[in-house]
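Trainee: 3D, please:
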Amino acid sequence: MEQLEIRNAFPGAAVFRLRETTSTMDEARRLVRMGFPPGTTVVADAQSSGRGRLPERRWDSPPGENLLSTVILGPEAARLPGFTLRVGLALCRTAAVFAVRRGGSLSSPPALKWPNDVLVGGRKLAGVLCEAGPEATLVGFGLNVNQLGFPPELEGKATSLALELGLPGGLDLPELLELALGELAFVLADGDWRQEAEERLWRRGEEAAFLAGSPEGGETVTGVLEGLAPSGALLLRPAGADRPLEFASGELLFRAPRVDRSGSHHIR
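Mentor: So this is what the prediction gives:
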């Protein structure tokens, strides 16, 4: 593990880099036990056991191409309203600012797919995984940066900054991490975070489908996605309802279901 000489917006905290690890989350837990302060960050070129928000979903990344990182924060961070959304908002801001720095533009403004993904043009650019504990809150995120190709199951569903900006020469990962840490520190302290998060909310004002509960036993609810509650919960108004329903957990689906003549529902 080597220490990177980059600016960290969290005072007194260092940034460490590994060539390979099981998961930056695992390394961050070890640093918490060693007493490293909030803001300490671990980044890896490759990880063998990266995962997404749901246990069955892996986060696979070609070595050295993307930003794979975990930031250690205090246990109180997880109690901030809309905490995971704030992390996603910081990554939205990071992508937008980086594009301006490079003199380019993204195919569309970075959007928040509730609760923990960042999309550009409907394709996934980044994902967030947060874990809360009595000693620390761990903020893990993966940001696609220099990856130019994706597995068949992700074709058309994922993108990267290099693809969006048309710059395949190798974008600077430490520069992006430095920028992301600055945006994260800003958004966590921003009392007006919800306004920008709602402006960036994917499918806001549109018909959407939401899977409430677990993927195995959840119920699909359709309606107009109206925005975010102060807590960060999703607000979805079903047809004919007087007020929106509030969902604190579940998954926003990519497409609304269609109903065939037999009355069966299908997710397209």
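
Trainee: what segments of the stretch 1-150 of the chain are helices?
Mentor: Using DSSP state H, counting those that start in this stretch, the helices of the stretch 1-150 of the chain run over 24-33, 83-101.

Trainee: using TSV, lay out the ones you listed together with distance to residue 113.
Mentor: Just so you know, the C-beta spots here come from the backbone N, C-alpha and C atoms, and that holds for glycine as well. Listed next are the helices of the stretch 1-150 of the chain as TSV, based on distance: least, Cβ to Cβ, whole Å:
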stretch	distance to residue 113
helix 24-33	21
helix 83-101	8
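
Trainee: nearest to residue 169, of those?
Mentor: helix 83-101 (14.5 Å; Cβ to Cβ).

Trainee: how far does that closest one sit from its chain's centre?
Mentor: 9 Å (Cα atoms, centre = their mean, to the nearest Å).

Trainee: okay, buried residues for it please.
Mentor: Across helix 83-101, burial judged by 16 or more other Cβ atoms under 10 Å covers 83-96, 98-99.

Trainee: so for that helix, mean pLDDT?
Mentor: If you average the pLDDT over helix 83-101, you get 97.

Trainee: cool, and stretch 228-246?
Mentor: Rounded mean pLDDT across stretch 228-246 is 95.

Trainee: kindly export it (C-alpha atoms) in CSV.
Mentor: What follows is stretch 228-246, C-alpha atoms only, in CSV (Å, rounded to 0.1, in the frame of the first residue of the first chain):
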residue,chain,number,x,y,z
LEU,A,228,-37.4,13.3,-3.1
ALA,A,229,-38.7,13.6,0.4
PRO,A,230,-36.5,15.5,2.9
SER,A,231,-35.2,12.2,4.1
GLY,A,232,-34.1,11.2,0.6
ALA,A,233,-36.9,8.7,0.2
LEU,A,234,-38.4,8.4,-3.3
LEU,A,235,-41.8,10.1,-4.0
LEU,A,236,-43.9,8.2,-6.6
ARG,A,237,-47.6,9.1,-7.3
PRO,A,238,-49.7,6.2,-8.6
ALA,A,239,-52.4,7.1,-11.1
GLY,A,240,-55.5,8.5,-9.3
ALA,A,241,-53.6,9.0,-5.9
ASP,A,242,-54.1,12.2,-4.0
ARG,A,243,-50.5,12.3,-2.8
PRO,A,244,-47.3,10.5,-3.7
LEU,A,245,-46.2,7.4,-1.9
GLU,A,246,-42.9,7.5,-0.1
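
Trainee: which parts of that stretch are buried?
Mentor: Residues of stretch 228-246 classed as buried: 228-229, 232-236, 244-245 (neighbour count, 16+ other Cβ under 10 Å).
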